[in-house]
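J.: A structural model of the following input is requested.
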Amino acid sequence: MIRALLIEDNSIKQERIKRVIERGFDAEVQIVGTIIAAYPNIEKLPWDIVILDMTFQILRTGIDAGMQALAGVELLQFMTSKEITTPVIVVTQHETFTQPGHKTIRSIAELDRLLRDSFPNVYHGTIHANLASESWHEELIAKIAVALHA
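T.: Residues are numbered from 1 along each chain as shown. Coordinates of the predicted model:
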């Protein structure tokens, strides 16, 4: 059995990803719905794989402060600083990422290069998840299988 930590704030996407992982593997999937809650969970137990969204709703003092396009990068930085080497696969619905004060990332391929170069010890790929189709399901299963045997 594999232990997967899914860090995703969209409940529909959470359920779809969870079903894909459970269909492809004998898996226990724990879902964390905020980037803030991800920090203690990433250290709590030994995970076999982390599935990470890149863009999160950010709340400040109980009010919606909008989207943080590259919030997932902060978690990868945290993992690197703590020497946590659990394989990470990014699953995102977005194709571009714009965040004030940061360079705009204009494609999944550009995001993939940035993450591969910045986090070579943990990052194992990005999947564009179009929730209107199932075309990404097999890609996710394949990337998880490769990451688990890397």
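J.: lowest average confidence, helix or strand, in the protein?
T.: strand 63-68 (a mean of 54; mean pLDDT, DSSP states H and E).
J.: Name the residues of the longest helix anywhere in the chain that come out as buried.
T.: What stands out as the longest helix in the chain, according to DSSP state H, is helix 11-24. By 16 or more other CB atoms under 10 Å, the buried positions in helix 11-24 come out as Lys13, Gln14, Arg16, Ile17, Lys18, Val20, Ile21, Gly24. All C-beta spots, glycine's among them, are computed from the backbone N, C-alpha and C.
J.: ok, back up a step: ok, then the element right after the least confident helix or strand of the chain?
T.: Where DSSP states H and E defines the elements, the next helix or strand beyond strand 63-68 is helix 71-81.
J.: and that following helix, what other elements does it pack with?
T.: helix 35-44, strand 49-52, strand 56-60, strand 88-92, helix 108-118 (3 or more CB pairs under 8 Å, 6 or more residues apart in numbering; DSSP states H and E).
J.: Hey, what's the angle from the following helix or strand past the longest helix of the chain to helix 11-24? Just curious.
T.: Going down the chain from helix 11-24, the next helix or strand is strand 27-32, by DSSP H and E. If you take axes from the mean of the first three to the mean of the last three CA atoms, to 10 degrees, strand 27-32 sits at 160 degrees to helix 11-24.
J.: who's in contact with strand 27-32?
T.: 1-8, 14, 17-18, 21-22, 38, 41 (CB atoms under 8 Å, 6 or more residues apart in numbering).
J.: what about 7 Å?
T.: 1-8, 14, 18, 21-22, 38, 41 (CB atoms under 7 Å, 6 or more residues apart in numbering).
J.: top of those residues by neighbour count?
T.: Ile7 (28 neighbours; other CB atoms under 10 Å).
J.: ok, it to Gly72 distance?
T.: 8 Å (CB to CB, to the nearest Å).
J.: tell me, what's touching those two both at once?
T.: Leu52, Asp53.
J.: give me every residue that touches the residue nearest in space to the middle of the chain.
T.: Nearest to the mean C-alpha position of the chain, counting by CA atoms, centre = their mean, stands Leu52 at 1.1 Å. For Leu52, the contacting residues are Ile7, Gly72, Leu75, Val88, Val90, by CB under 7 Å, 6+ apart.
J.: Thank you, goodbye.
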